[in-house]
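**Q** no sequence on this one, just coordinates:
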């Protein structure tokens, strides 16, 4: 017959293993982001969310502050989860930097000079030059 203490120890052991898996997933996520493999990054999100839900269930965490109510035997788990939080933030910063770089590239492609012209084709398929400020491709 198992006691609540045995069940708690088993839950803690399983939570520690899942926390290690989460650390590995976050590291892999970072690698995917570095090489801009967004398909692999997106594919990992569902399994990461399932893992987080299982961790919350094992620890009995119901809200953002209930982790503070865990006993001292869960301190190692809480430290691992704090490390996972930091890894997640690192990934978030990398995503933000990538988005900023893309925005910068897009802004550099948008010419704000009113004297610049844009080459477009007219209805007959002939090349016509349109001055910005007049009727251009963005007005079509």
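**A** Done, it's in. Computed from a prediction, not measured in an experiment: that's the story for all the values here. Numbering: from 1, shown residues only.

**Q** gap between residue 82 and residue 92?
**A** Residue 82 is 15 Å from residue 92, where distance means CB to CB, to the nearest Å. (C-beta placed from N, C-alpha, C; glycine too.)

**Q** In the helix or strand containing residue 17, which of the residues would be classed as buried?
**A** Residue 17 is located in helix 4-34, with elements delineated by DSSP states H and E. Across helix 4-34, burial judged by 16 or more other CB atoms under 10 Å covers 8, 11-12, 15-16, 18-19, 22, 25-26, 29, 32-33.

**Q** Please point out which parts of the next helix or strand after that helix sit buried.
**A** On the C-terminal side of helix 4-34, the nearest following helix or strand under DSSP H and E is helix 38-59. Across helix 38-59, burial judged by 16+ other CB under 10 Å covers 41, 44, 48, 51, 52, 55, 58, 59.

**Q** Check the spacing between residue 55 and residue 30 real quick.
**A** 19 Å.

**Q** Please read the previous query as pertaining to residue 91.
**A** Taking CB to CB, one finds residue 91 at 5 Å from residue 30.

**Q** same question, residue 90
**A** From residue 90 to residue 30 the distance is 7 Å (CB to CB).

**Q** I'm done for today, thanks for sticking with me.
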